[in-house]
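S.K.: Build me a structure from this.
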Amino acid sequence: MGRFEGRGVVVTGAAQGMGRAISEAFLAEGARVVLADLNEEGVAATAEELGRDGNTFAVRCDVTNSDDVRNLVTASLDQLGAVDVFVNNAGTITMRRVVELGEDEWDMVMDVNAKGVFLCTRAILPHMLDRKSGAIVNIASQAGKRGYKLFAHYCRSDGCRGFRWVASRSRNTSLASRCSLPRTMRVK
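M.R.: Model prediction:
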């Protein structure tokens, strides 16, 4: 029996990379996982590949769109019954010096990396508060702690460390909110 046996988990940005690896780790520990991603075909293929016995569900979700995020939470609750862990993993990065960076590119990175965390947390938090239980995990980056000349916009967008207190201090509950700052890693 795994540490997350029977628990409901949602992972954004789960079609590939770190989101896929996070989903796989939760599945190995017995969780039922909703994999969410903007790449509908990719997330469906990943969910099918990782799943067994109906323990994975794929949902197309643009984390920058509040309607998509609300639909993700509704679909997750329908499939899982309860969401015990919500992993804000969706993110994007481009590499460009500030003087070459366009406003549209800045907005896109900020929308996915910062607004996405806000929208997802805002959507799942009422459910967790009602249950007085749950955990929100925000995946960030070491880049959020320092600047880099080719992706200053990414570094600025990756400041979820300051956002992690929101869930645990919203009410007197046993909610947990964490921010993980992984270094560069190689995933399948």
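S.K.: When you work out contacts or count neighbours from here on, use the C-alpha atoms and nothing else.
M.R.: Noted.
S.K.: which one is the residue nearest in space to the middle of the chain nearest to, not counting chain neighbours?
M.R.: Centroid-nearest residue in the chain, with CA atoms, centre = their mean: N88, separated by 1.9 Å. Excluding the flanking residues, the one nearest N88 by CA to CA, 6 or more residues apart in numbering is N138, at 4.8 Å.
S.K.: just checking, the one you found is part of a helix?
M.R.: No - with DSSP: H, G, I helix; E, B strand; the rest coil as the criterion, N138 is located in strand rather than a helix.
S.K.: does it really touch F118, like I thought?
M.R.: No - contact criterion CA atoms under 8 Å: N138 and F118 do not qualify, at 10.2 Å.
S.K.: ok, these two, which is more surrounded?
M.R.: More crowded of N138 and F118, by other CA atoms under 10 Å: N138, with 24 against 19.
S.K.: Determine how far stretch 32-50 lies from the middle of the whole chain.
M.R.: 13 Å (CA atoms, centre = their mean, to the nearest Å).
S.K.: Enumerate the positions of it that are buried.
M.R.: 32-40, 42-44, 46-47 (16 or more other CA atoms under 10 Å).
S.K.: In PDB, could you pull the C-alpha coordinates for that stretch?
M.R.: Output in PDB follows, covering the C-alpha atoms of stretch 32-50 (Å, rounded to 0.1, in the frame of the first residue of the first chain):
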ATOM      1  CA  ARG A  32      -5.700   8.500  -8.500                       C
ATOM      2  CA  VAL A  33      -4.400  11.400 -10.700                       C
ATOM      3  CA  VAL A  34      -6.000  14.000 -12.900                       C
ATOM      4  CA  LEU A  35      -3.400  15.000 -15.400                       C
ATOM      5  CA  ALA A  36      -4.100  18.500 -16.900                       C
ATOM      6  CA  ASP A  37      -2.300  20.200 -19.700                       C
ATOM      7  CA  LEU A  38      -3.000  22.700 -22.600                       C
ATOM      8  CA  ASN A  39      -1.700  19.900 -24.900                       C
ATOM      9  CA  GLU A  40      -4.900  17.800 -25.100                       C
ATOM     10  CA  GLU A  41      -3.400  15.000 -27.200                       C
ATOM     11  CA  GLY A  42      -0.300  14.900 -25.200                       C
ATOM     12  CA  VAL A  43      -2.000  14.700 -21.800                       C
ATOM     13  CA  ALA A  44      -4.400  12.100 -23.100                       C
ATOM     14  CA  ALA A  45      -1.500   9.900 -24.300                       C
ATOM     15  CA  THR A  46       0.400  10.400 -21.100                       C
ATOM     16  CA  ALA A  47      -2.600   9.500 -18.900                       C
ATOM     17  CA  GLU A  48      -3.300   6.400 -21.000                       C
ATOM     18  CA  GLU A  49       0.400   5.400 -20.900                       C
ATOM     19  CA  LEU A  50       0.700   5.900 -17.100                       C
END
